[in-house]
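Colleague: Attaching a predicted model along with its sequence, questions to come.
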Amino acid sequence: MPSSRRVKKVSLTKATKKTSEHKQNLVENVKKGLKQYKTAIVFEYRNLTNNPLKQMREDLKPNSKIFIGKNKVMQVALGKDEEKQAGKNTYLLSQHLKGQTGLLLTNQDVDKLQAYLSQFDSQEFAQPGLISPETIILKSGLETFSKFQHTMDPYLRQLGLNTKLMNQQIVLNEDFKVCEAGKPISVEQGKILRLLNIKLGKLEITPKFMLNLKNGSFKKVQ
């Protein structure tokens with residue numbers, strides 16, 4: 001008889017408690033930060049991946065802190081209206097935490113901070129769904145896959161490439177457009193770019209709204 005498998009039971013109560021604690025910690029950390037920093041900024045982000053975000057956080061320490069989490073939870077921390085605001089006019093920021101946005105608290109000079117954000121450069125492999133910043137076209141012939149083992153040929157064809165083997169070398173039979181500028185990258189396209197070591201993903205943090213936490217002055221970032 002086949003041996004029985006143990007079924008591991010997961011307590012939904014524990015999972016719910018962990019999620020609730022995480023949300024509460026986020027609220028508390030945001031509220032704590034509002035008292036420690038001079039300026040609060042709502043920003044939009046694109047191409048968010050762990051390594052560039054980690055690098056940015058390290059670069060900005062100890063003068064700034066980045067919060068990226070559930071927008072609704074951060075709205076609670078800031079206050080959704082004037083009556084529930086955590087600080088003077090923090091509810092004005094709360095209204096703009098929608099979609100791919102986050103919160104940046106800082107004591108740094110705002111102009112220097114914006115210069116850093118605009119110049120930040122950390123290339124990563126493109127994730128599926130990323131809007132390609134450029135068009136990549138592979139030229140037909142032997143050169144494109146000259147460094148690949150011939151055993152890779154079936155896999156390349158699975159990814160949609162028109163290839164063949166010639167004297168144990170992979171030949172691309174025709175020019176191939178991997179991705180097109182302005183269009184989202186598919187799973188297959190992302191795999192091809194990774195094979196070719198082409199990195200198109202770049203973390204972009206764009207400040208949108210700013211609040212002076214000392215006097216409550218609020219403005220849209222131009």
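Modeller: Cool, the structure landed. Numbers count the residues shown, from 1 in each chain.

Colleague: residues in contact with V178?
Modeller: Counting by Cβ atoms under 8 Å, 6 or more residues apart in numbering, V178 makes contact with I136, I137, L138, Q189, I192, L193, L196, I198. Just so you know, the C-beta spots here come from the backbone N, C-alpha and C atoms, and that holds for glycine as well.

Colleague: now the fifth one: how far from I185?
Modeller: Relative to I185, I192 is positioned 10 Å away (criterion: Cβ to Cβ, to the nearest Å).

Colleague: Who has more neighbours out of those two?
Modeller: The neighbour comparison of I192 against I185 (other Cβ atoms under 10 Å) goes to I185, with 24 against 20.

Colleague: mind listing what D81 touches?
Modeller: Taking Cβ under 8 Å, 6+ apart, we find D81 in contact with Y91.

Colleague: Quickly note the distance from it to G102.
Modeller: Taking Cβ to Cβ, one finds D81 at 21 Å from G102.

Colleague: Likewise for K88?
Modeller: K88 is 21 Å from G102, by Cβ to Cβ.

Colleague: can you pull out the strands in the protein?
Modeller: For the chain, strands defined by DSSP state E occupy the ranges 39-46, 64-67, 101-106, 123-124, 136-138, 163-166, 169-172, 176-179, 201-202, 204-212, 218-220.

Colleague: Give me whichever of those is most buried.
Modeller: Most buried of the strands of the chain, by mean neighbour count (mean count of other Cβ atoms under 10 Å): strand 101-106, with a mean of 22.

Colleague: neighbouring strands for that strand, and are they parallel or not?
Modeller: Strand pairing for strand 101-106, determined by DSSP bridges: strand 39-46 (antiparallel), strand 64-67 (antiparallel).

Colleague: Between those strands, which one is closest to L213.
Modeller: strand 39-46 (5.6 Å; Cβ to Cβ).

Colleague: ok, residues contacting that closest one?
Modeller: Taking Cβ under 8 Å, 6+ apart as the rule, strand 39-46 contacts 34, 68, 90, 93, 96-97, 99-107, 110, 117, 131, 203-213, 221.

Colleague: redo that, cut-off 7 Å
Modeller: 34, 90, 93, 96-97, 100-106, 110, 204-213 (Cβ atoms under 7 Å, 6 or more residues apart in numbering).

Colleague: Restricting to C-alpha, output it in PDB.
Modeller: Output of strand 39-46 as PDB, limited to C-alpha atoms (Å, rounded to 0.1, in the frame of the first residue of the first chain):
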ATOM      1  CA  THR A  39       9.600  66.600   4.700                       C
ATOM      2  CA  ALA A  40       7.100  63.900   3.500                       C
ATOM      3  CA  ILE A  41       6.900  63.100  -0.200                       C
ATOM      4  CA  VAL A  42       4.400  60.900  -2.200                       C
ATOM      5  CA  PHE A  43       6.200  59.400  -5.200                       C
ATOM      6  CA  GLU A  44       5.400  57.200  -8.100                       C
ATOM      7  CA  TYR A  45       7.600  54.300  -8.900                       C
ATOM      8  CA  ARG A  46       8.300  52.200 -12.000                       C
END
